[in-house]
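Peer 1: Build me a structure from this.
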Amino acid sequence: MSNALTVCPVSDPPKVKAKTKRIVELDSLRAIAALNLVLFHFTHVYTVKYGYTTPLGFDFPFGKYGVQLFFMLSGFVNAMTLLRKRKSADFLAARIMRICPTYWSVIVINLLIVGIAPLTLVSYSPEQVAANLSIMPNLFGYECMEPVTWTLQVEVLFYCMILVMFMTGALETPFRTVMWLLALSLVTCSSINFLAERSHDPMLLGWMTLCRDVMILEYLPLFLVGVLLNEIRCERGKLSLNVIGIFSSLFVFHYVDRLNHNPVASLILFVLLAASAYGRVPLLRCRPLVFVSTISYALYLLHNNLGCVFIYHVNHAGVPPLLSMLAGIVFVIAVSTFVTYKIEGPVTAWLRRRWVGLKENIASRRETVPASTT
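Peer 2: Okay, the predicted model is just below:
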C-alpha cells in the first residue's frame, strides 16, 4: 500500500504545477479499506474461528470489498508514483523502505503472540518464519503467519510487474499492455479451471497455476483499473480507450473471480475511487479518517492476530462481546499508532537518509573519475 498520493506529472509543464496538491480523499480511502477489514475480522471471521461467549448481535461479512478497493487504489497510486519519479531504482527503494520495517515488526509480534498468549495450538517452524520474512511465503509453499498478509504478497508482485512495465516501455502504451494482460488473465485462469475439473496433465496445471500466482492474474485486472484511471487523471492517451480498458478490466476480474464479488459493488468502488482521485468527495477529508490513513498500513498488517488475541482474553474475562470488540478496535489502533510513529516513521526516515546519501556518494564518485584519469 503506497503512501505517496500526490498527482503524477503530465507532459504539459503548466499542468504539472497545477496538479501537485495532495489528494486527501485517496488517503481516506485507504483508511476506509483498513477499517473495513478490521470490522470483517473482528465480527465475521472471529465468530467463525473462535466465537464470542454470547452472540455479538451483528455481522460484517464484506471484507473482500476492502481488499478490492486496496488493489484498485494501489494500481492508481503506484502508476502515479512511478510516472512521477521516472526512476525505477527510486521507486523500488521507496517500496522496500515503506513495506519492510513494519512488516518485519509484525512477524516479531506474531512470534511473541504464539509464545505468550496463543489462541490455538499453532507453532511456527524456522522454515515458515524464513518464508514469511521474504514476504512471499505462499510461493514457497508456506502459510502466512499473519493471514491478512496474503494481500501484501499480491501487492509486492504488482510492484514488480508495474516496474517491469515501466522499464520496458509498456507503461507508455498502457491500453495495449492492459489488453494483452487481460487476455493472458482470461486464458490462463480459464484453462486452470478447465484442467482442474478434468484432472488433465497435472504438470501443466502446476505450471499454469504458478504463472497465475506469480503474475497475480486473478487480481491484476483490479490493479489495471487503477493504472488506467491514472491515465485519465493525468490526461494521457485517448479517453475512450482508457474507459474501454477500465470496463474490460472489471469484466475480466468478475469472469475469473472465485470469491463471487458483486459487480455492482465493483462499479460503486470504482466510482468512489474516481471521484476521490479528482478531489470530489469532501466528506472523506474529515480528520478521523485522515488520521487512520496515517496508521493504515500498520493497522492493516497487525490487527487480525493481535486483535483477536486481545478480544478473546477480554471477552473470556467477563466483558460483553460488543464491548470486547470495541476495546479490540481501540487497542489495535493504539498499537498501530505506536508502530507507525515509533518504528515505521523513524526507521523509514533513517533508510531514506541512507538512500539519498548513497546516491550522492555514487554521483560524486562518477564526477571525480574523469578528473582523476586526465
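Peer 1: Please count neighbours and contacts with C-alpha atoms only from this point.
Peer 2: Will do.
Peer 1: got a list of contacts for stretch 54-64?
Peer 2: Residues outside stretch 54-64 that contact it (Cα atoms under 8 Å, 6 or more residues apart in numbering) are 36, 37, 39, 40, 41, 43, 44, 261, 320, 321, 322.
Peer 1: Correction: the previous question concerned stretch 318-337.
Peer 2: Outside stretch 318-337, the residues that touch it by Cα under 8 Å, 6+ apart are 38, 42-43, 52-56, 295-296, 298-299, 302-303, 306-308, 310-311, 314-315.
Peer 1: give me the low-pLDDT residue ranges for the stretch 251-374 of the chain?
Peer 2: The stretch 251-374 of the chain contains residues with pLDDT under 70 at 369-374.
Peer 1: so where do the helices sit in it?
Peer 2: Using DSSP state H, counting those that start in this stretch, the helices of the stretch 251-374 of the chain run over 263-277, 287-294, 296-315, 321-339, 345-373.
Peer 1: looking at these, which is buried most?
Peer 2: Among the helices of the stretch 251-374 of the chain, the stretch with the highest mean neighbour count (mean count of other Cα atoms under 10 Å) is helix 296-315, at a mean of 23.
Peer 1: So which elements touch that one?
Peer 2: Here helix 296-315 touches helix 24-40, helix 88-116, helix 321-339, going by 3 or more Cα pairs under 8 Å, 6 or more residues apart in numbering; DSSP states H and E.
Peer 1: Neighbours of residue 215, how many?
Peer 2: Using other Cα atoms under 10 Å, residue 215 has 19 other residues around it.
Peer 1: Next, give phi and psi for it.
Peer 2: Backbone geometry at residue 215, expressed as degrees, to the nearest 10, gives phi -90, psi 10.
Peer 1: How about it: what's its closest non-neighbour residue?
Peer 2: residue 157 (7.0 Å; Cα to Cα, 6 or more residues apart in numbering).
Peer 1: how near is that neighbour to residue 91?
Peer 2: 14 Å (Cα to Cα, to the nearest Å).
Peer 1: Next: residue 147.
Peer 2: For residue 147 relative to residue 91 (Cα to Cα), the value is 27 Å.
Peer 1: quick one: which of the two has more around it?
Peer 2: residue 91 (18 against 12).
Peer 1: Surely that one touches residue 82?
Peer 2: Yes: between residue 91 and residue 82 there is a contact under Cα atoms under 8 Å: 6.1 Å.
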